[in-house]
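Trainee: give me coordinates for this.
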Amino acid sequence: MPRWGLLVEQNLGFGGQRRVWSAGVMEHVDGTREEALEVLRQRAEAYRPVHPTSPKRRRLYRESDGFVLVLDGAWQSFHCRFTVIEQLYDSAAPEPEPPALPEPEPEPGQPPPPVRRRPVVPPEPPRAWDADVPEVPSWLDRDRPS
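Mentor: Predicted structure coming up:
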């Protein structure tokens, strides 16, 4: 079954000279491309980008591989691009767990192996942790009469 990455691209940083177009994978979806596009649409509709902080208007457009979110801010417009991308490999993917081997069946005439159970430990009685600490410390000088 193919694995799809949900990619978001947006401007990060402040000021005209310090903005950087940045991309990141929001999550992965295992399934069909249509299923991944549906999850991507839900994520794009709810997405809150860095810029603008208080959008005046939001518009979501569909394109062949995803969506474009256009946001009108107080001074200018910003956009985010959402794309479905197929993952071909991952160099840091966790190793798949080996399949569990079935337990061997006992031979006829032998008793089954004993089942190991954890010993039942009774709970400890509650302790008076602060029994030696006075309610009002003496260093506050509250124990002398006024």
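
Trainee: pretty sure residue 50 is in contact with residue 10, am I right?
Mentor: Yes. Between residue 50 and residue 10 there is a contact under CB atoms under 8 Å: 6.5 Å. Heads up, the C-betas are built off the backbone N, CA and C, glycines and all.

Trainee: more neighbours, these two?
Mentor: Looking at residue 50 and residue 10 with other CB atoms under 10 Å, you find the greater number of neighbours at residue 10, namely 21 against 14.

Trainee: can you tell me the element the most centrally placed residue in the chain falls in?
Mentor: Residue closest to the mean C-alpha point of the chain, counted by CA atoms, centre = their mean, is residue 27 at 8.5 Å. For residue 27, the host element (DSSP states H and E) is strand 20-30.

Trainee: if you count neighbours, what's buried in that strand?
Mentor: Within strand 20-30, the residues that count as buried by 16 or more other CB atoms under 10 Å are residue 29.

Trainee: any idea how far that strand is from the chain center?
Mentor: In terms of CA atoms, centre = their mean, to the nearest Å, the centre of strand 20-30 is set 13 Å apart from its chain centre.

Trainee: what pairs with that strand, parallel or antiparallel?
Mentor: Strand pairing for strand 20-30, using DSSP bridges, gives strand 3-12 (antiparallel).
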